[in-house]
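Q: Fold the following, please.
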Amino acid sequence: MPYSGLDSHQDAESQETKFRLLVCSQCRLFWGHKEVIPPGQKTRALLSYLVLESHREHSREATSGLFWGTGDTRLARASLRQALLQINRAFGDQAPFALRQSRSDISVDPVFFTTDLDLLQANLRSDVPNLGHDSRIADVRHILPGLDGIS
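A: Next comes the predicted model:
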């Protein structure tokens, strides 16, 4: 699906208006029913990292080194800035609220995101009585399509 950013501000408190990030198969990002994933594998990996580690800030220096650290640090920082620009574009009007940036740190606001891992963890922690093993596996297969052979 082609890259397309968001157009309008919506309240992120409601489940329907959170970004939904799928990381267990191919990385995909949705706002409602619209796919808004930024281009580039490293950009998507950075987005996944920031969302999955949204409980803390990440230094730009350490993050650029983590993703682009095999050479020139200036080039790594420039690559990080470019990736953040792509993420900002994907977030559209939500970018000022969802992506937090300072000169030294970056993070995302966790209130704006839910992931397939969140759904999986909630399903596995479920205390629903009489939910047998087969029902739970069926739920996991629904949350994470493509897990044939799981038992």
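
Q: any idea where the helices of the protein begin and end?
A: For the chain, the helices defined by DSSP state H occupy 41-52, 60-68, 73-91, 95-98, 116-125, 133-143.

Q: which ones are touching residue 95?
A: 87, 88, 89 (C-beta atoms under 8 Å, 6 or more residues apart in numbering). Heads up, the C-betas are built off the backbone N, CA and C, glycines and all.

Q: burial count for the first one?
A: By the criterion of other C-beta atoms under 10 Å, residue 87 has 25 neighbours.

Q: what's the nearest residue to residue 103 if we skip its chain neighbours?
A: Spatial nearest neighbour of residue 103, excluding adjacent residues (C-beta to C-beta, 6 or more residues apart in numbering): residue 60 at 7.7 Å.

Q: repeat for residue 40
A: Once flanking residues are discounted, residue 40 sits nearest to residue 86: 6.4 Å by C-beta to C-beta, 6+ apart.

Q: Run a quick neighbour tally on that neighbour.
A: By the criterion of other C-beta under 10 Å, residue 86 has 21 neighbours.

Q: While we're on it, how confident is the model there?
A: Residue 86 is assigned 96 on the pLDDT scale.

Q: Distance of it relative to residue 55?
A: For residue 86, the distance to residue 55 (C-beta to C-beta, to the nearest Å) stands at 23 Å.

Q: just residue 61 next, same as before
A: Taken as C-beta to C-beta, the span from residue 61 to residue 55 is 20 Å.

Q: Have a look at the two and say which one is more surrounded.
A: More crowded of residue 61 and residue 55, by other C-beta under 10 Å: residue 61, with 15 against 7.

Q: Against residue 54, how distant is residue 110?
A: Distance from residue 110 to residue 54, by C-beta to C-beta: 4 Å.

Q: Which one's more surrounded, the two?
A: The neighbour count for residue 110 versus residue 54, taken as other C-beta under 10 Å, is higher for residue 54 (19 against 14).

Q: Please state the backbone phi and psi of the more buried one?
A: phi -70, psi -10 (degrees, to the nearest 10).

Q: can you start the count at 48 instead of 1 from here on
A: I'll keep to 48 as the first residue from here, and by that count the last item is residue 101.

Q: Since that was my last question, I'll sign off now.
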